[in-house]
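1. this is the structure alone, sequence omitted:
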């Protein structure tokens, strides 16, 4: 039974919906309990002391139950603005949850952020994941990059902590089949399919060179692009490799220029795509298109590229919809800007939804123990800010959305 129904048995549906608020936690559907038929209360009662919504100890009945939701992402380093934006989305969700007065096990909830910085580095991400396991947080929202997310998933799974990524898009993240791993944004496969179809059908691209930054994200999206491009009859005229910290691309761009491609596909992030565009301008590669995924398709790319001429030839794919097309995007963005002026990038609304999906599952399970709320998480039906959210058995979105963008007058704009 839902905690709010238990503690307000006299409340009608309208009042109960008001208690949760629009855009917040959705209600359990009939028959949506744990798959094994055990009640959430029974599951929590069988759990280890101190980690579930167990009966309060003497003198603590009125004390709030602290629910620590961790954010794991790069809040330092070259893509810190993306990580901070993601963290801001979690902060906003926790503020909204604290305003709702929700309860678990008869105790008011106090939602608290456990902030973590992985520096965009896989080694730091592994160390951070282990620390969060030691702290026994209720759940993790993150990581941002595929290269940091992939090694962290097994650590979270081994210690029984749920991770929901709002940004990392490598399909391999969910392919292990862990019931602790989820994603609230489209994966690279969906993005690449949409990008290649547009490149062939709308842009007339026939010859492509590929640049791989050798990160987990870059290698993953390049492999998908290369396979789909060949399937659609695109000729791969060259393939070059760089690093995800590189800034000098003149040698590989010079080699590519001699192959006369219609477009370059870059598997990497905006921190490298910006300098790459500047150097394409220096090499008079103004007519060569630059294709890419969500890692380079950011609001700050024009600034990083110095608004150079090749910027107008960028076409990139992002999982999800632009804010103006999201169900709750406009109102949410207005609130975000009031709380975090001039900090919006791209992933914060997905981090917000990830946090709300986790909270929904915990409240429905009447427990903050992952083993109790995972069955509810797998059955999620949530009307999020970004989109309606429900998961496949692998933890992917049931109906992922992809948007293609270009840049006009130094502004990122969705293609019609």
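-> Cool, the structure landed. Since the structure is predicted, the reported quantities are computational estimates derived from the model, not experimental observations.
2. center of the chain - which residue?
-> Nearest to the geometric centre of the chain sits residue 166, at 1.3 Å (C-alpha atoms, centre = their mean).
3. how far away is that residue from residue 94?
-> 14 Å (C-beta to C-beta, to the nearest Å). C-beta: built from backbone N, CA, C; applies to glycine.
4. ok, back up a step: report the contact partners of the residue nearest to the centre of the chain.
-> By C-beta atoms under 8 Å, 6 or more residues apart in numbering, the contact set of residue 166 is 86, 89, 141-142, 144, 184-185, 347, 350-351, 353-354.
5. tell me how far the nearest residue to it once chain neighbours are set aside lies from residue 169.
-> Leaving aside its sequence neighbours, residue 166 sits nearest to residue 350 (C-beta to C-beta, 6 or more residues apart in numbering; 3.5 Å). Counting by C-beta to C-beta, the gap from residue 350 to residue 169 is 11 Å.
6. next one: residue 85
-> Counting by C-beta to C-beta, the gap from residue 85 to residue 169 is 16 Å.
7. between those two, tell me which one has more neighbours.
-> Neighbours per residue (other C-beta atoms under 10 Å) separate residue 85 from residue 169, with residue 169 holding more: 29 against 25.
8. that one is in contact with residue 146, isn't it?
-> Yes. With contact defined as C-beta atoms under 8 Å, residue 169 counts as touching residue 146 (6.3 Å).
9. and the pLDDT at residue 62?
-> In this model, residue 62 is scored at 75, pLDDT.
10. and stretch 200-207, end to end?
-> 10 Å (C-alpha to C-alpha, to the nearest Å).
11. just stretch 377-395 next, same as before
-> Using C-alpha to C-alpha, first and last residues of stretch 377-395 are 9 Å apart.
12. now do it: distance to the chain's middle.
-> Counting by C-alpha atoms, centre = their mean, to the nearest Å, stretch 377-395 is centred 13 Å from the centre of its parent chain.
13. so which helix or strand takes in residue 113?
-> Residue 113 belongs to strand 107-117 when assigned by DSSP states H and E.
14. next, the buried residues of that strand.
-> 107, 109, 111, 113-114, 116-117 (16 or more other C-beta atoms under 10 Å).
15. on that earlier part again, who touches both of residue 169 and residue 146?
-> Residues touching both residue 169 and residue 146 by C-beta under 8 Å, 6+ apart: 188, 217, 220.
16. export those as TSV, with columns for pLDDT and secondary structure.
-> Listed next are the shared contacts of residue 169 and residue 146 as TSV, based on pLDDT from 0 to 100; DSSP: H, G, I helix; E, B strand; the rest coil:
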residue	pLDDT	secondary structure
188	92	helix
217	88	helix
220	91	helix
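17. closest one of those to residue 319?
-> Among these, residue 188 lies closest to residue 319 (C-beta to C-beta), at 8.5 Å.
18. quick one: contacts for the residue lying closest to residue 213 once chain neighbours are set aside?
-> Closest residue in space to residue 213, ignoring its immediate chain neighbours: residue 268 at 3.6 Å, by C-beta to C-beta, 6+ apart. Residues counted as contacts of residue 268 (C-beta under 8 Å, 6+ apart) are 211-213, 215, 217-218, 242, 244, 292, 295-296.
19. which of these lies closest to residue 328?
-> residue 295 (25.2 Å).
20. residue contacts, the nearest residue to that closest one once chain neighbours are set aside?
-> Spatial nearest neighbour of residue 295, excluding adjacent residues (C-beta to C-beta, 6+ apart): residue 269 at 4.2 Å. Contacts of residue 269 were listed using C-beta under 8 Å, 6+ apart, and they are 79, 145, 213, 217, 244, 295-296.
21. make it 10 Å
-> The contact partners of residue 269, by C-beta atoms under 10 Å, 6 or more residues apart in numbering, come to 78-79, 82, 120, 145, 213, 215, 217-218, 244, 292-298, 301, 304.
22. check residue 271 too.
-> 77-79, 81-82, 120, 213, 244-247, 295-296, 298, 300-301, 304.
23. ditto for residue 215
-> 120, 122, 145-148, 170, 221, 243-245, 267-269, 272, 295.
24. apply 8 Å and report the result again.
-> Residue 215 neighbours (C-beta under 8 Å, 6+ apart): 145-147, 244, 267-268.
25. cool, residue 140 as well?
-> 69-72, 129, 132, 156, 161-164.
26. pretty sure it is in a strand, no?
-> Yes. Looking at residue 140 with DSSP: H, G, I helix; E, B strand; the rest coil, it is inside a strand.
27. tell me how far it lies from residue 176.
-> 16 Å.
28. tell me which stretches of the stretch 101-250 of the chain form strands.
-> 103-104, 107-117, 139-142, 163-165, 181-183, 207-212, 235-241 (DSSP state E, counting those that start in this stretch).
29. let me have the ones you listed in a markdown table, extended by distance to residue 396 and mean pLDDT.
-> Below are the strands of the stretch 101-250 of the chain laid out as a markdown table (distance: least, C-beta to C-beta, whole Å; pLDDT from 0 to 100):
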| stretch | distance to residue 396 | mean pLDDT |
| --- | --- | --- |
| strand 103-104 | 28 | 97 |
| strand 107-117 | 24 | 98 |
| strand 139-142 | 17 | 98 |
| strand 163-165 | 11 | 98 |
| strand 181-183 | 6 | 98 |
| strand 207-212 | 24 | 98 |
| strand 235-241 | 28 | 98 |
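30. can you lay out these as TSV showing distance to residue 367?
-> Listed next are those as TSV, based on distance: least, C-beta to C-beta, whole Å:
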stretch	distance to residue 367
strand 103-104	7
strand 107-117	12
strand 139-142	12
strand 163-165	17
strand 181-183	18
strand 207-212	44
strand 235-241	48
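31. before we move on, back to that, filter the contacts of residue 268 down to the ones in helices?
-> Among these, the subset assigned to helices under DSSP state H consists of 217-218.
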